[in-house]
Each structure stands twice: as structure tokens, then as C-alpha cells.
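# Sequence and predicted structure, then a few things I'm wondering about:
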Amino acid sequence: DTGVSQNPRHKITKRGQNVTFRCDPISEHNRLYWYRQTLGQGPEFLTYFQNEAQLEKSRLLSDRFSAERPKGSFSTLEIQRTEQGDSAMYLCASSPSGQGAMDEQFFGPGTRLTVL
Amino acid sequence: ELKVEQNPLFLSMQEGKNYTIYCNYSTTSDRLYWYRQDPGKSLESLFVLLSNGAVKQEGRLMASLDTKARLSTLHITAAVHDLSATYFCAVGSYSGYALNFGKGTSLLVTP
């Protein structure tokens, strides 16, 4: 399967714990994005990487959130001191560069986080 | 801040009927995307619209873009049950790569 993969698919944690999610983009894609989707809403942008550089961050990304993309391949999203309001689906997407203005983003299956 | 509004948010339609979903956005953009999401699943890319007057069709779905009116439409022709899903439009921000999504249109096609 050559699509975007995310792990774990589901995560249940207690409030105050730290969690980390992993995203493996499509192999030739050098752009990687994180979004958050809550029930009944569209995805909300969190952050964007071009290779290993984090180039754009939403104000939704509080200081409890950190994302990395070492070596420009997979990415991790860590949430520290989780709160119940962090419960959501966390989606990763990737896109290739060099297609002009296409920038079509391909989404992974998501990680569903439940904070108790 | 770029705002994206879809309507309707909920749509129940009979098989065989036609309908249009509308997507309005608030500021200039040169990229508009339509995605489909089935319950509990991720987003599937349907259409990429990059220029004023762009029209794309795939099966019973046709998408168009009017950048002057800041409006995109997703037209459904002769709906079938398999089209039941949530449809999102997403607009690319002019200064970056983030996509700004609408709230989605939940479509239910009934016999």
C-alpha cells in the first residue's frame, strides 16, 4: 500500500498524559500536513512541513503541541498534558511539490484520540 | 482569515434526483478542492479546481469554480445510494499551503 499511513489508529488516554502519533507520508511527497477534525466539523489545519522544515503553524497549535519531521520522512505529533478538548481525529496528509499549483493533499486514515 | 461556507449542511435526496451543493469562500484563492468522507473514514480527493471557469466531472459528480464570485458548486446527477457520504470543499490559502475546509455537507440518498 503506497498511501499515507498513521499509527496508532486509536488512542485512549487519561487527562494529563502525553501522547505521540506517527505519520508516514507517500514516499515521494516532500510536503506533510497535520489537521485536526472534531465531530461534525471539517478538518482544521495545524501545521505544515516542507521536507524537515516546519514552515507554517496554526494558532490552534498551542504550546502543548509539537510536531517534528526529522530527516524529512515520517512525522510525529506530540500532545503534552492532554485535555478533554484534545479529543478529536488527527489527520495527516502529504503532497508532492513540483506540480505547479496543484498541491493536492492525500490524507491518511487518521488517529482517533479520546481523552478521558 | 479565510472562511469557507457550505450549504446545505444536510441533504436528503431520493435516488434518481439531481441536486447542487454550494461552497462560498471569503477571500481570493487560486485553489479549490472537493473531498468525500465516509463515516469513520479519512478523506478521499474528488476534484482539484485551479482556474476560473474550471469544470471537472467524474461519474455522477460535476464540480465547477467561479473565482470572481468566490463560489464552487458540486452537482449531483441522478443520485444513487453509493453517493451517501459527507462532502467537503477546501480552499487553499493564498499565502501558504494550508487548506481551509467548510463544515461539510452530509448527503443521504434514499430509495
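Ah, there it is.

# The residue in chain B positioned nearest to chain A pairs with what?
Closest approach of chain B to chain A (Cβ to the nearest Cβ) occurs at B:Phe101, with a separation of 3.1 Å. Every residue, glycine included, has its C-beta placed from N, CA and C. In this entry, B:Phe101 is beta-bridged to B:Ala90, by DSSP bridges.

# ok, so what distance separates it from B:Trp34?
11 Å (Cβ to Cβ, to the nearest Å).

# what's the burial count for the residue of chain B closest to chain A?
23 (other Cβ atoms under 10 Å in any protein chain shown).

# cool, and A:Gln80?
Neighbours of A:Gln80 using other Cβ under 10 Å come to 14.

# correct me, but it touches A:Asn18?
Yes. Here A:Gln80 reaches A:Asn18: they are 4.9 Å apart, a contact under Cβ atoms under 8 Å.

# which of the residues in the helix or strand B:Glu5 falls within are buried?
Following DSSP states H and E, one finds B:Glu5 within strand B:4-7. Across strand B:4-7, burial judged by 16 or more other Cβ atoms under 10 Å in any protein chain shown covers B:Val4, B:Gln6.

# what does stretch B:33-53 give?
Applying 16+ other Cβ under 10 Å to stretch B:33-53 flags B:Tyr33, B:Trp34, B:Tyr35, B:Arg36, B:Gln37, B:Ser42, B:Leu43, B:Leu46, B:Phe47, B:Val48, B:Leu49, B:Leu50 as buried.

# Mind listing residues that contact the worst-scoring helix or strand of chain A on mean pLDDT?
None of the helices or strands of chain A scores lower by mean pLDDT, DSSP states H and E than strand A:53-57, at a mean of 89. Applying Cβ atoms under 8 Å, 6 or more residues apart in numbering or on different chains, the contact partners of strand A:53-57 are A:Phe45, A:Leu46, A:Thr47, A:Tyr48, A:Phe49, A:Ala67, A:Glu68, A:Arg69, B:Gly96, B:Tyr97, B:Ala98.
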